[in-house]
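Visitor: Please find the sequence and the predicted model below.
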Amino acid sequence: MRVEVQRGPDRSDTFSQELLLDDTDLKISLQVPGRDFPITRIDERTTLRPDSLMVWYLWPDRWYEVGAFFSPRGTFLGHYVNLIRPPHLDEPTLEGDRSWMVEDLFLDVWVPASGSPVILDRDELETAVSRGWVSGEERTRVEKLAVSIVARASIGSGGLRRSWPPPALRRWPPDLVPALRLKRDSPGTFFAARLSGRIIAYGLYLMGVVSATSIVFAWLTDAFVTAGPAQVAWLSTVAVEAVILLPAALGGWLPATSWPRPALTDERSLFVATLASGLAVLTLNERASWAGALLPVYGTLGLFSAIFAVCRARFDRAIPAFAIAGLLVTLAALVVLL
């Protein structure tokens, strides 16, 4: 993707970036400066060099973009807030090429990894205003915006920044670049893996909650000794917990499910697992004795194969041959077990 940054009528810089996310309300791109990138000092402690990593977050209707900057070794340096006019985002050509144009308004905010945020390039903004490149109204707007960002990024009494970084950076932190590439290149696999991971997380959370609840009931009641009101109360509590946790897990509201991670597996490896497990079922001599333990396992494998099949068909517009084959093998194994 080609990104052109204009700084007044007489200066224009062009950069090559990798587009990671192309939603209507948020664009995320990756920039890795080459050897021709000039060494750039941001503050007394921070210097950008060739092979540094920059993950840019751009909103089509906002007057700023945020860059998460890393050293060539991967050390987080801070957030660079570039104040701009709302960007011009061209649609991709038939060949898939993209070209964006960003008009810089000179004023910037630097939020270091540790330390207080600072406003940069005030003198450049004044020069741009005096030359008519930036209007007085725009200067007022960006100055107020810079002050607002500094206030949000300031460190409070608890040692944490007040409301920084923006939600988009917390939802898609730079360490999720592999997940962003997976979503871009194979959305069916991405969404299938995310849903499967959330189902697994749901099971783990439910196991923990049910265990804690059972310990409390065993300590305070006779729910596990005799049938009665205490046992009904225990079962009712467990059922309510299961119902409450399910939408929380599937919606990504629980800590282990809030961020989509790279895929745990794909439909090909899932098919191999179901094929191996199905062959194991067919070779068991005493299938009836194994059924109780194996039915939940193969039921789960069948569910995940179905999820991959649906997501691949919907998002990738492709025939999910391996997922369908894995689902059929799993169903055959279940029939044999039953």
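Guide: Right, received. Where do you want to start?
Visitor: Show me which helix runs longest in the chain.
Guide: helix 187-220 (DSSP state H).
Visitor: Report the buried residues of it.
Guide: Neighbour-count burial for helix 187-220, with 16 or more other C-beta atoms under 10 Å as criterion, is recorded at 188-202, 205-206, 209-210, 217. All C-beta spots, glycine's among them, are computed from the backbone N, C-alpha and C.
Visitor: How about stretch 32-39?
Guide: Within stretch 32-39, the residues scored as buried using 16+ other C-beta under 10 Å are Pro33.
Visitor: In CSV, list the C-alpha atoms belonging to it.
Guide: What follows is stretch 32-39, C-alpha atoms only, in CSV (Å, rounded to 0.1, in the frame of the first residue of the first chain):
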residue,chain,number,x,y,z
VAL,A,32,9.1,-1.2,8.5
PRO,A,33,11.5,1.6,7.4
GLY,A,34,14.3,0.4,5.1
ARG,A,35,18.0,1.2,5.1
ASP,A,36,17.4,4.5,3.4
PHE,A,37,15.3,5.7,6.4
PRO,A,38,17.0,8.7,8.1
ILE,A,39,17.8,8.3,11.8
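Visitor: what's the offset of it from the middle of its chain?
Guide: Distance of stretch 32-39 from the chain centroid (C-alpha atoms, centre = their mean, to the nearest Å) equals 28 Å.
Visitor: what residues does it touch?
Guide: Outside stretch 32-39, the residues that touch it by C-beta atoms under 8 Å, 6 or more residues apart in numbering are 47-54.
Visitor: hmm, which of those residues are the buried ones?
Guide: When these are checked for burial by 16+ other C-beta under 10 Å, the buried set is 48, 52-54.
Visitor: Please narrow the residues you listed to those residing in strands.
Guide: Of the buried ones among the contacts of stretch 32-39, the ones assigned to strands by DSSP state E are 48, 53-54.
Visitor: so which of those comes closest to Ala168?
Guide: Met54 (15.7 Å; C-beta to C-beta).
Visitor: quick revisit: for the longest helix of the chain, name the packing helices and strands.
Guide: helix 177-185, helix 229-250, helix 287-315 (3 or more C-beta pairs under 8 Å, 6 or more residues apart in numbering; DSSP states H and E).
Visitor: Distance from that helix to the middle of the chain?
Guide: Here helix 187-220 shows a centroid-to-chain-centroid distance of 20 Å under the convention C-alpha atoms, centre = their mean.
Visitor: where along the stretch 51-200 of the chain do the helices fall?
Guide: Assigned by DSSP state H, counting those that start in this stretch, the stretch 51-200 of the chain shows helices spanning 122-130, 136-153, 167-171, 177-185, 187-220.
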